[in-house]
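**Student:** no FASTA, just this:
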């Protein structure tokens, strides 16, 4: 077949923009696939001996936990279930099929498959959190040792893994701040939490749920949190300061210690949102920056992995004077065995429970495996490569006319950058949202920013340590291709995506709660 | 169903700017003599091109000659001329007359082409009775009723006429005094609000969930103010849509473009003038609630001249409460709030940082220059 050369169409590998088309299945919702009487598994009849001993197996259960009606589950055979979910998986743009650079602030990195295999071993999957301590010594040991490693990484004195994600970790920080001031008799007076507009919105939202008043600080012209404004904001009403550093702009505030000092001077507590810690491992620590508390997203920085709102852990650490406020139980070692420590609940200081049990065991175990495989030098290497990758991308993109990055000029960023496409939009009418949709045609993600947009036409990109130079170049070439298209054939971008699962959808219903149907049951109620 | 789209072009809009005249009011002859080229028609076509895909579903109601007819006919739309001026050179009265006729014809949307002056004429004629979109062609464009450029205006019109957008929002009609402007002085006045289709500028990305609409945000601000009101303190409520829900949620009548005074949640002065404010602020404890002008960031000296330097001196900086939605603040892109009271000492007093209320129990430190 290859004879004659020009008969066979060869792919030109010099051209870095990839030809791609996402699978598109006209796949119904699984409830719509249901056929009455169809079964995935036929359960054998119980043998007589068993029947004699437990009856029908249901009537022995207490009345209040027995269903009056059977659940309205889809009735469907095994191959159809398999086909259904395989098709859905093909319609997603998962981290394992695309060069995952575009989800800035999310730290989506490669998660080694061996860690996934470990977490799927029956020794993990068959565990139950209510098992007696002596039967779960292995996982308790892993949790305790992960705690010890987190202490090294941050300089904090004690960690809890209870919060089920970043926002819940911020909620834990706010709860600890509240109980701390209550214990000093200043709970009422201290009603303000200070944060910055480029910290994650949850740094404001979670304390607001606790009832705090929120004071936002804007950046100065360089992009650092405005210290003069901060000085005006700090007072005897300040309960705490919760902030990310670097912020979502990738700008690291080198004066952070002055900020934490000022808060301490008026009696406040400083909490560090370390969601953006990927460029800091082994380089700086929360404790040296003057923080009293911090949290890491294990599903981001520690690769367990991030995505789909899946299992997550916001590992939350505190300095000694705040340990008594931590949620219970903590995992401890008495020199002989590991055990659950409920001491803090007896002193009335503890914030109680932030979430059930002691944390998502699989996530903690993958974190442990990841850190152990890298060692201290490895973690430092992760940070260096993540920063290097980001600054390579940054430099290459800054060579283009239509994209810019506000704030500190001529200096490097840490692990991500918030860019602006203001000029491209002014020149061509193509917005950052349009670019976002067009990137899907090349099998790539691209993220804008939280709302509202404080940077005009924003784009936030974070490569992490994962991509190779070739990967970064492919991403850059794809962006360049689309920017060029914006000037030459804007209609192509306005009408994108063309090669994704869905074309443009009418999302007006997203703003109208009356149209929302977030479960099958509410869909039936509203639309059938 | 065929949708009716009104179209009014101010044919002389933008004439003055191209020859450096800072506006066209009363300067048409002068501008033409200096070699100005009319551009309103060309900008209209750019907007209408966006609508060509739905041309079979719309009927355009427009005016004779260069007030619409010429632009429409060259593009093959179904059109009906509903107004013809009997003058050689049309003026603002023609804009107003045409707008009223289009309103009576029950048009679904009114597109108008011009500058700040044209928006004022449209506002005077139709108020908020019909949704409008402005196609920018004038020298001065301060009013947010205008789209960023003609094709965006066309695109927004298409989305509205095809019912992809159904919500409306209020946008400010602002204009500066052109005579003063030519002498180097900027006096902006707020004339009112027109209804424009709600452009979904911040809903492309779903990661952050649906942000609060500006209106919902204004409501949260109003409850923050109302819940913290103190007995015996006079609250001076400045103009604008951001402060309006404060009055609405206390079931009090509201002067949108003026200043109202409230004591113990009761209205004591409606649409107060400077002399009223001087009286109230002289011997009473007062708090002033004010919002910056969208996009510009002016707190004082634009559209609220009754709050004079003297009044501000009586009130004192500590008693000034600034309110703004997060969207409004974000659209300043870090530019500080501005004050231009006409009194340097008062401007100096106001300089520095202020805690802006941006929601219920939510504030932002923001700079005033």
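**Tutor:** Perfect, thanks for sending it. For clarity, every value in this text was computed on a predicted model and none was experimentally measured. Numbers count the residues shown, from 1 in each chain, chains lettered A, B, ... in the order given.
**Student:** just say helix, strand or coil for residue A:390.
**Tutor:** Here residue A:390 is helix, with the state taken from DSSP: H, G, I helix; E, B strand; the rest coil.
**Student:** ok, it - contacts?
**Tutor:** Neighbouring residues of residue A:390 by CB atoms under 8 Å, 6 or more residues apart in numbering or on different chains: A:250, A:279, A:413-417, A:462-463. C-betas here are computed from N, CA, C, even on glycine.
**Student:** going by distance to chain B, which of the residues you listed wins?
**Tutor:** Closest approach to chain B among those (CB to the nearest CB): residue A:462, at 13.4 Å.
**Student:** can you give me the neighbour number for the closest one?
**Tutor:** Taking other CB atoms under 10 Å in any protein chain shown as the criterion, the count of residues near residue A:462 is 31.
**Student:** please name the nearest non-neighbouring residue to it.
**Tutor:** residue A:416 (3.6 Å; CB to CB, 6 or more residues apart in numbering or on different chains).
**Student:** equivalent analysis for residue B:367, please.
**Tutor:** Using CB to CB, 6+ apart, the closest residue to residue B:367 is residue B:336 (4.0 Å).
**Student:** neighbours of the one you found, how many?
**Tutor:** Neighbour tally, residue B:336, other CB under 10 Å: 15.
**Student:** these two touch, right, it and residue B:369?
**Tutor:** Yes: in this structure residue B:336 lies within contact range of residue B:369 using CB atoms under 8 Å: 4.3 Å.
**Student:** what's the local residue count around residue B:253?
**Tutor:** 10.
**Student:** no wait, residue B:124
**Tutor:** Residue B:124 has 16 nearby residues by other CB under 10 Å.
**Student:** which residue packs closest to it, ignoring adjacent ones?
**Tutor:** Here the residue nearest residue B:124, using CB to CB, 6+ apart, is residue B:96, at 6.1 Å.
**Student:** what's the average pLDDT for the strand or helix carrying the one you found?
**Tutor:** Here residue B:96, judged by DSSP states H and E, is contained in helix B:92-104. Summarised as a single mean, pLDDT over helix B:92-104 is 91.
**Student:** name the SS class of residue 195, please.
**Tutor:** With no chain named, the answer covers chain A. strand.
**Student:** that answer is for a different chain, and I need it for chain B
**Tutor:** strand.
**Student:** how close does it sit to residue A:62?
**Tutor:** Using CB to CB, to the nearest Å, residue B:195 is found at 61 Å from residue A:62.
**Student:** does the residue nearest to residue A:462 really touch residue A:105, like I thought?
**Tutor:** Yes: the pair residue A:416 / residue A:105 is scored as a contact, 6.6 Å apart, by CB under 8 Å.
**Student:** now do the shared contacts for the two.
**Tutor:** A:248, A:276, A:460, A:462.
**Student:** just flag the most distant two among those.
**Tutor:** Largest separation among those by CB to CB: A:276 and A:460, giving 11.0 Å.
**Student:** intersection of neighbour lists for these two?
**Tutor:** Joint contacts of residue A:276 and residue A:460 (CB under 8 Å, 6+ apart) are A:105, A:248, A:416.
**Student:** follow-up on the earlier one: who has more neighbours, residue B:195 and residue A:62?
**Tutor:** Just comparing residue B:195 and residue A:62: by other CB under 10 Å the higher neighbour count belongs to residue B:195, 18 against 6.
**Student:** OK, contacts around the more buried one?
**Tutor:** Residues in contact with residue B:195 (CB under 8 Å, 6+ apart) are B:128, B:130-132, B:168-171.
**Student:** rewinding a little: which ones among the shared contacts of residue A:416 and residue A:105 are found in strands?
**Tutor:** residue A:460 (DSSP state E).
**Student:** now the buried members of the shared contacts of residue A:416 and residue A:105.
**Tutor:** With neighbours counted by 16 or more other CB atoms under 10 Å in any protein chain shown, the shared contacts of residue A:416 and residue A:105 contain buried members at A:248, A:276, A:460, A:462.
**Student:** can I see the domain layout of chain B?
**Tutor:** Structural domains assigned to chain B are B:3-197, B:212-368, following automatic domain parsing.
**Student:** for residue A:188, which of those domains is the nearest?
**Tutor:** domain B:212-368 (14.4 Å).
**Student:** off-centre distance for the closest one?
**Tutor:** Domain B:212-368 sits 18 Å away from the centroid of its parent chain (CA atoms, centre = their mean, to the nearest Å).
**Student:** what mean pLDDT does that domain get?
**Tutor:** On average, domain B:212-368 scores 91.
**Student:** count residues in the vicinity of the residue nearest to residue B:308 when sequence neighbours are not counted, would you?
**Tutor:** Excluding the flanking residues, the one nearest residue B:308 by CB to CB, 6+ apart is residue B:274, at 5.0 Å. By other CB under 10 Å, 14 other residues sit near residue B:274.
**Student:** residue B:274 is in contact with residue B:306, isn't it?
**Tutor:** Yes: the pair residue B:274 and residue B:306 passes the contact test of CB under 8 Å, sitting 4.6 Å apart.
**Student:** shared neighbours, these two?
**Tutor:** Between them, residue B:274 and residue B:306 share no contacting residue under CB under 8 Å, 6+ apart.
**Student:** hmm, back to that, neighbour-wise, which of residue A:416 and residue A:105 wins?
**Tutor:** residue A:416 (31 against 23).
**Student:** residues contacting the more buried one?
**Tutor:** Contacts of residue A:416 by CB under 8 Å, 6+ apart are A:104-105, A:246, A:248, A:250, A:276, A:390, A:460-462.
**Student:** report how many residues lie close to residue A:314.
**Tutor:** Neighbour tally, residue A:314, other CB under 10 Å: 31.
**Student:** poorly predicted segments of chain A, please.
**Tutor:** Applying pLDDT under 70 to chain A picks out residues A:1-15, A:307-310, A:508, A:511.
**Student:** around chain B, pick out the residues from it.
**Tutor:** A:197, A:201, A:204, A:208, A:211-219, A:221, A:226, A:228-230, A:232-233, A:429, A:431-433, A:436, A:447-456, A:506-508, A:510-511 (CB under 8 Å from any CB of the partner chain).
**Student:** buried residues, stretch A:105-117. List them.
**Tutor:** So for stretch A:105-117, counting by 16+ other CB under 10 Å, buried means A:105-109, A:111, A:115.
**Student:** for it, the distance to its chain's centre please.
**Tutor:** 12 Å.
**Student:** start and end of that stretch, how far apart?
**Tutor:** 27 Å (CA to CA, to the nearest Å).
**Student:** what does it contact?
**Tutor:** A:95, A:100, A:200, A:248, A:275-276, A:278, A:297, A:300-301, A:303-307, A:366, A:369-370, A:373, A:415-416, A:447, A:460, A:462, A:464-466.
**Student:** next: stretch A:91-104.
**Tutor:** Against stretch A:91-104 from outside (CB under 8 Å, 6+ apart): A:22-25, A:27, A:108-111, A:248, A:305, A:307, A:393, A:416-418, A:439-440, A:443-447, A:459-464, A:466-467, A:471-472, A:474-475, A:501.
**Student:** give me the distance between it and the centre of its chain.
**Tutor:** Its chain's average C-alpha position is 14 Å from that of stretch A:91-104, according to CA atoms, centre = their mean.
**Student:** buried residues, it. List them.
**Tutor:** A:93, A:95, A:98-104.
**Student:** so which of the shared contacts of residue A:416 and residue A:105 are in helices?
**Tutor:** Among the shared contacts of residue A:416 and residue A:105, no member falls in helices (criterion: DSSP state H).
**Student:** so which strand or helix has the residue of the stretch 401-528 of chain A found nearest chain B?
**Tutor:** The minimum distance from the stretch 401-528 of chain A to chain B, using CB to the nearest CB, falls at residue A:433 (3.2 Å). In this assignment (DSSP H and E), residue A:433 forms part of helix A:432-439.
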